[in-house]
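J.: what's the 3D shape of this:
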Amino acid sequence: MSKARPTIGTDGLPLPIMPPDRDVRVWSKLVRVMFYTPGFMALLLLKTGEPAGFGITVELLMLSSAAAVVAGLFVGTHSTGGGADVSSKVGVASCSLVMELLSAVPFLCAVPPLFHQLANSTLLHARAPGAVDVSLGISEFLPAVAVLPFMLYQLAGFGTLHYIVPRAVNWVLNLGIFGLIVASYAANRMANFGAEKAFVGILVVAMALTVTYGVLKLRQMQIAYDARCPVKKDKDKDKKKDKEDKEDE
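T.: From the prediction side, this is the model:
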């Protein structure tokens, strides 16, 4: 059972609220999943070589896969034992931030157009003679529903953003993510690939800036926490000292 962290510093002021300790093994496994899955999908699209709408989708999938590698570097530095420095203490939190914003968000943005293109690909599956084209209709939007639980993950306090930005900013960022993903998918369906690239570019740049700010903010918070955190008393040493004092008397 984990002990409660101190909330008041040595100066009597509240300490920064740091993200809770997370299981390094879980994030390591997620790094592997997010490296192989988008990477495999990108290779599949490159293999088909059609249509023009695959371009930005492949780029998003490759970004998702590459960001997972960077997240693995962060989680690999995590340490809380003896000799741990400021950066190593926030290794897992930094990894989660990279995975959430530069791996999961591009993947969620790529999935809806990916489904549409694969469903209508003539290279992956040949049309039967006399077959009639049947539109999937509104069901094509089903893959985009995955954005909603992601927003719930962030806004309900599960995500790392909850600890580094105010609640209002968290809402703005998540609504912006949702809006840009919907706008990019709509542009893709209308074959307006220039607008799609613009929306995706804004989304990726915003996520990259947020990750940069978040990692630096986590380090600053950890520095302030370590500098003002009350030192825990060693009960065993205190008992031994009391025993020695009694023996001297």
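J.: contact partners for the residue most central in space within the chain?
T.: By CA atoms, centre = their mean, the mean C-alpha position of the chain lies nearest to Glu100, the distance being 1.0 Å. For Glu100, the contact set (CB atoms under 8 Å, 6 or more residues apart in numbering) comprises Gln154, Gly159, Thr160, Leu161. Glycine gets a C-beta too; all of them are placed from N, C-alpha and C.
J.: so what's the residue count around the second one?
T.: Using other CB atoms under 10 Å, Gly159 has 22 neighbouring residues.
J.: quick one: the residue lying closest to His78 once chain neighbours are set aside from Lys197, how far?
T.: Nearest residue to His78 in three dimensions, chain neighbours excluded: Gly91, at 3.2 Å (CB to CB, 6 or more residues apart in numbering). In this view, Gly91 and Lys197 are 34 Å apart by CB to CB, to the nearest Å.
J.: likewise for Ala42?
T.: 17 Å.
J.: show me where the chain has its helices.
T.: Listed in chain order, the helices of the chain (DSSP state H) span 24-48, 54-76, 86-89, 91-98, 105-119, 147-155, 161-164, 167-189, 193-228, 235-248.
J.: how about those, which one is nearest Pro14?
T.: Of all those, the one in closest proximity to Pro14, counting by CB to CB, is helix 193-228 (9.5 Å).
J.: and the closest one, what does it pack against?
T.: Contacts defined by 3 or more CB pairs under 8 Å, 6 or more residues apart in numbering; DSSP states H and E place helix 193-228 against helix 54-76, helix 86-89, helix 91-98, helix 105-119, helix 161-164, helix 167-189.
J.: report the two of the contacts of Glu100 separated the most.
T.: Maximum distance among those (CB to CB): 8.8 Å, for Gln154 and Thr160.
J.: pLDDT below threshold where in the chain?
T.: 1-3, 6, 47-55, 119-140, 232-249 (pLDDT under 70).
J.: for Val58, give its distance to Glu196.
T.: 13 Å.
J.: go on, Arg219?
T.: 35 Å.
J.: who has more neighbours, those two?
T.: Glu196 (24 against 17).
J.: show me what contacts the residue nearest to the more buried one when sequence neighbours are not counted?
T.: Leaving aside its sequence neighbours, Glu196 sits nearest to Ala187 (CB to CB, 6+ apart; 3.9 Å). Taking CB under 8 Å, 6+ apart, we find Ala187 in contact with Phe193, Ala195, Glu196, Phe199.
J.: same check on Leu108?
T.: Going by CB under 8 Å, 6+ apart, Leu108 touches Ala144, Ala146, Val147, Phe150, Ile181.
J.: name the nearest of the residues you listed relative to Leu118.
T.: Ala144 (14.7 Å).
J.: could you check how far the closest one is from Ala104?
T.: For Ala144 relative to Ala104 (CB to CB), the value is 14 Å.
J.: what about the two, which has more around it?
T.: Ala104 (24 against 18).
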